[in-house]
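>>> No sequence on hand, only this structure:
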């Protein structure tokens, strides 16, 4: 018997996902299940959406009967999808064909729409783990989508803070931050017509950057065809920047934050957050006692110093992309 | 010029600590600054409290003048202390002399009292990072104490949830959880007169365990002499359990959660949380997209299966401690 269940943390007010099958999942096996010709995938495709074979959540999860008072348990109902981004075994979002990246974002859009039609699903979260240091078990380029039966803690926190700001100031918090960043220009790195990339003043990870949509919008499905292409462009440039920063492909988490399913309000602003885990070329930023024990991050430099390093990297990245035949759609920060 | 400042994350409602000097701190250097005879320490001591040479917070931090609207910046005022636990260069809390461990806890008590006398300090957080995989830069046995000018996010969350539970049920949330665990006995691992060790139903890390005080109390200074010794006992047994689990010293974070300075209420319950980062003997639990991007943890097994493993480890640990001349003060879970 396998279990997929949610367990309630009453100290923090959040859900954990418990899934007993996942411990048996393949760990860096030799034969890649995402390469063409595998049983699941066959041949003749460029981008493929699959069900995760070892899902944390599933639609036939057993019913949870054991509610144990404050230690609530719920069925681990949900979906875990994999988006295979290219038939080629190596690469990253800066090297796969631009049209593939556009298709990946469209897959995020379509899956969001489809998964939100299931009334038990409250939140759709597309994300990408890159690099073995992040814990990636399969290195073939792929993203993931989790459809959750609850609004996760971090998103609830963003909504709560957005609501408070909106009630006080009559406008969207992220629209306001974006305006500050675009006028101050201290931490902006790149912008095209639809999106702006910058390091937030409050970066938790040394090289953390955020992509905000220039216009206020809340979810992936709202993006027009042209905005999807602009999003593909800014993601491509961001990842090229990271991979130009040092002499190696930089590990990172890409987290896509959209509004919950069926939430009608105007204080959630679509954005993407990148968390690389390095603090220099040969050192990692470790989350340890102060980070895990209090959820307070220590940043061992000034964010603005890291912006200067990233400005240098993005300049080299745009040259590299140009050499490879890709012309960036926007303007990057100049090295001063 | 070095900077020690706090930066406000308005999306999540929390502070980051920014400190430009820390990037120059020694990284696993050869000569240990915590061994006897170093300039700072001299000879003839067993436990020593020092100021961190590369503090994230300090009392002469420059004034922050740049408030930038919603992107608030504050002075990085505070204290970062190191508690060197033994003159010997190797060991862990299960192998240092019991009296040293008692002295370490007393140092936590005294520092909490002293640091809370500074009115700018709102929270005192003792913690311990163990193991190079956790990111420890100096391996000589030591704990740390951060005195923060704000109540950190995770503690605020515990207070908020404790308050809600208290208002609804007229009792302390952790007293209630402890009663459930002690009656169900599904996840208890050890208890002596004053403390109980168990794996919470809502463990985020595969081998996470918590120590709750049996009686309701809120802060370290409230512990009596005998309770301090019982706390030293349960910590010694917990760490011996972890170091008996596999064939190596297990890396972990130990986070001591006490009530904020000068907070007078009865819904914060003193406890210690241990976060080991392994999910099996040769695999780590990585925090990646779903964990960092949504603050939702996936647990790849049933917590109760891990309890069985820890029961086995604690049995071996108590034998090992007995052989070394230490008699545990309480009763451990029996292997079934």
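Everything's here; your move. Just so you know, these numbers come straight off a predicted model, no measurement behind them. Residues are numbered from 1 along each chain as shown, chains lettered A, B, ... in the order given.

>>> residue boundaries of the strands in the stretch 201-336 of chain A?
Listed in chain order, the strands of the stretch 201-336 of chain A (DSSP state E, counting those that start in this stretch) span A:209-213, A:252-257, A:271-276, A:278-280, A:283-284, A:298-299, A:331-332.

>>> Can you give the contact residues for the fourth one?
The reference is to strand A:278-280. A:206-207, A:246, A:250-251, A:284-285, A:300-301, B:23 (C-beta atoms under 8 Å, 6 or more residues apart in numbering or on different chains). Glycine gets a C-beta too; all of them are placed from N, C-alpha and C.

>>> Just give the closest residue to the residue of the stretch 151-300 of chain A found nearest chain B, not the sequence neighbours.
Chain B sits closest to residue A:286 of the stretch 151-300 of chain A, with a gap of 2.5 Å, by C-beta to the nearest C-beta. Closest residue in space to residue A:286, ignoring its immediate chain neighbours: residue B:135 at 2.5 Å, by C-beta to C-beta, 6 or more residues apart in numbering or on different chains.

>>> same check, this time on residue A:13
residue B:161 (4.9 Å).

>>> ok, now how distant is that neighbour from residue B:291?
According to C-beta to C-beta, to the nearest Å, residue B:161 and residue B:291 sit 20 Å apart.

>>> Can you name the next helix or strand after the helix or strand bottoming out on mean pLDDT in chain A?
Scoring the helices and strands of chain A by mean pLDDT, DSSP states H and E places strand A:73-75 at the bottom, with a mean of 92. Using DSSP states H and E, the helix or strand that follows strand A:73-75 in sequence is strand A:79-84.

>>> And that next one, what does it pack against?
strand A:48-51, helix A:98-116, strand A:142-148 (3 or more C-beta pairs under 8 Å, 6 or more residues apart in numbering or on different chains; DSSP states H and E).

>>> Report the mean per-residue pLDDT for stretch A:192-204.
Across stretch A:192-204, the average pLDDT comes to 98.

>>> confidence score at the residue most central in space within chain A?
What sits nearest the mean C-alpha location of chain A, by C-alpha atoms, centre = their mean, is residue A:255, with 1.7 Å. With respect to pLDDT, residue A:255 scores 98.

>>> what does residue A:96 give?
Looking at residue A:96, the pLDDT reads 97.

>>> burial count for it?
Applying other C-beta atoms under 10 Å in any protein chain shown, we find 22 other residues in the vicinity of residue A:96.

>>> Same check on residue A:167?
By other C-beta under 10 Å, neighbour count at residue A:167 equals 9.

>>> Contacts only, for it.
Per C-beta under 8 Å, 6+ apart, neighbours of residue A:167: none.

>>> Could you pull up the contacting residues of residue A:232?
A:98, A:101-102, A:104-105.

>>> change it to 6 Å
Residue A:232 makes contact with A:101-102, A:105, according to C-beta atoms under 6 Å, 6 or more residues apart in numbering or on different chains.

>>> quick revisit: so what are the sheet partners of the least confident helix or strand of chain A and their directions?
If you go by DSSP bridges, strand A:73-75 pairs up with strand A:4-9 (antiparallel).

>>> The partner strand - what's its average pLDDT?
Strand A:4-9 comes out at a mean pLDDT of 95.

>>> relative to strand A:142-148, how tilted is that strand?
70 degrees (axes from the mean of the first three to the mean of the last three C-alpha atoms, to 10 degrees).

>>> Of all residues in the stretch 1-150 of chain A, which one is closest to chain B?
Chain B sits closest to residue A:135 of the stretch 1-150 of chain A, with a gap of 2.6 Å, by C-beta to the nearest C-beta.

>>> Can you check the pLDDT for that residue?
pLDDT, residue A:135: 88.

>>> I'd like the distance between it and residue B:289.
The gap separating residue A:135 from residue B:289 is 10 Å, by C-beta to C-beta.

>>> Mind checking which of the two has more residues around it?
residue B:289 (26 against 18).

>>> Surely the more buried one and residue A:129 touch.
Yes - taking contacts as C-beta atoms under 6 Å, residue B:289 lies within contact range of residue A:129: 4.9 Å.

>>> which residues do the two both contact?
Taking C-beta under 6 Å, 6+ apart as the contact rule, the neighbours common to residue B:289 and residue A:129 are residue A:253.

>>> Now do the helix or strand encompassing the residue nearest to residue A:13 and strand A:4-9, the angle between them.
Residue B:161 belongs to helix B:153-169 when elements are defined using DSSP H and E. Angle of helix B:153-169 versus strand A:4-9, following the same axes, to 10 degrees, is 80 degrees.

>>> what angle sits between helix B:153-169 and strand B:252-257?
Going by the same axes, to 10 degrees, helix B:153-169 makes 50 degrees with strand B:252-257.

>>> what residue ranges in chain A score low on pLDDT?
For chain A, applying pLDDT under 70 flags the ranges A:1, A:22-29, A:65-67.

>>> how about 50 then?
Along chain A, segments meeting pLDDT under 50 are nowhere present.

>>> before we move on, the earlier item: using CSV, lay out the strands of the stretch 201-336 of chain A together with distance to residue A:63.
As requested, the strands of the stretch 201-336 of chain A are exported to CSV (distance: least, C-beta to C-beta, whole Å):
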stretch, distance to residue A:63
strand A:209-213, 39
strand A:252-257, 31
strand A:271-276, 35
strand A:278-280, 44
strand A:283-284, 42
strand A:298-299, 43
strand A:331-332, 52
